[in-house]
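In: When you get a sec, could you give me coordinates for this:
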Amino acid sequence: MSKELRSRQGQLPLVDRFNRPQPASRNPSGNKVRLYYFTERDSADGRAFTPRLARATTALRERKIPVEVVVVSFDDTFEEWAQHMKEMPRWWLAVPWSDKATRQSLFLKYEVEALPTLVVVGGDGDVIQQDACTSVVSDPLAREFPWHSQRLSRSLSDSEDMQPPSCCLACFEIPRLASRVKAW
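Out: Here you go, the predicted structure:
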């Protein structure tokens, strides 16, 4: 990843759950992990997954582990977005619903194929885990955070018959998700 993209990661336009602008997150030590949560209110799987993610991230905060959740919404209207954000923990941030260019850029950058998707990004801007939904479900108190992808790939290589763990929630597959985002 280029230095330019890394430096911009902490400078995303962010708002709180009431759509109030928040200062750009800057972390000079580079140890804060950012969780990009791609979701929408109409996703039954997203509604089921959000409380699990809230529990895991609250456990991290209680242990003073620096983490920031950024919601990237696929809600169709501002009203849906506003209602959806009211269901999120107060400390979670979001890309503003009105900033379609940033939402589209993040969608493409992280190659989101289904909702919900949770991308774990280190303070250096490198992706730690492309989709951590399964990790949140299997580790509800986030004891193994930041859920490095290598743990899953090592365990899968130990047994050829082993299947990747299911999320307990079937991700909401959207065949035309990419075309939907491009239509913004």
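In: which residue ranges form the helices in the protein?
Out: 3-9, 44-62, 78-86, 100-109, 133-138, 149-158, 177-182 (DSSP state H).
In: quick check: angle from the longest one to helix 78-86?
Out: So that's helix 44-62. On the basis of axes from the mean of the first three to the mean of the last three Cα atoms, to 10 degrees, helix 44-62 is oriented at 40 degrees to helix 78-86.
In: Please spell out which residues along helix 44-62 are buried.
Out: Buried positions in helix 44-62, judged by neighbour count with 16 or more other Cβ atoms under 10 Å: 45, 46, 47, 49, 50, 52, 53, 54, 56, 57, 59, 60. In this view, the C-beta of every residue, glycine as well, is placed from N, C-alpha and C.
In: Equivalent analysis for the third one, please.
Out: Residues of helix 78-86 classed as buried by neighbour count (16+ other Cβ under 10 Å): 80, 81, 82, 84, 85.
In: got it, and the fourth one?
Out: Taking 16+ other Cβ under 10 Å as the basis for neighbour counts, the residues of helix 100-109 that come out buried are 103, 104, 105, 106, 107.
In: Now tabulate those in JSON lines and tack on distance to residue 35 and pLDDT.
Out: JSON lines is the format used below for the buried residues of helix 100-109 (distance: Cβ to Cβ, whole Å; pLDDT from 0 to 100):
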{"residue": "103", "distance to residue 35": "16", "pLDDT": "95"}
{"residue": "104", "distance to residue 35": "19", "pLDDT": "94"}
{"residue": "105", "distance to residue 35": "17", "pLDDT": "95"}
{"residue": "106", "distance to residue 35": "12", "pLDDT": "96"}
{"residue": "107", "distance to residue 35": "15", "pLDDT": "95"}
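In: could I get those as TSV with distance to residue 124?
Out: Putting these into TSV (distance: Cβ to Cβ, whole Å) gives the following:
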residue	distance to residue 124
103	23
104	24
105	19
106	17
107	22
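In: Which of the residues you listed sits closest to residue 12?
Out: Within the buried residues of helix 100-109, the smallest distance to residue 12 is 8.1 Å, found for residue 106 (Cβ to Cβ).
In: I figured the closest one was touching residue 95, is that so?
Out: Yes - using Cβ atoms under 8 Å as the test, residue 106 is close enough to residue 95 to be in contact (6.8 Å).
In: Report the contact partners of residue 90.
Out: 16, 17 (Cβ atoms under 8 Å, 6 or more residues apart in numbering).
In: Give me the pLDDT for the residue nearest to residue 73 when sequence neighbours are not counted.
Out: What sits nearest to residue 73 in space, not counting adjacent residues and going by Cβ to Cβ, 6 or more residues apart in numbering, is residue 81, at 5.1 Å. Per-residue confidence (pLDDT) for residue 81: 96.
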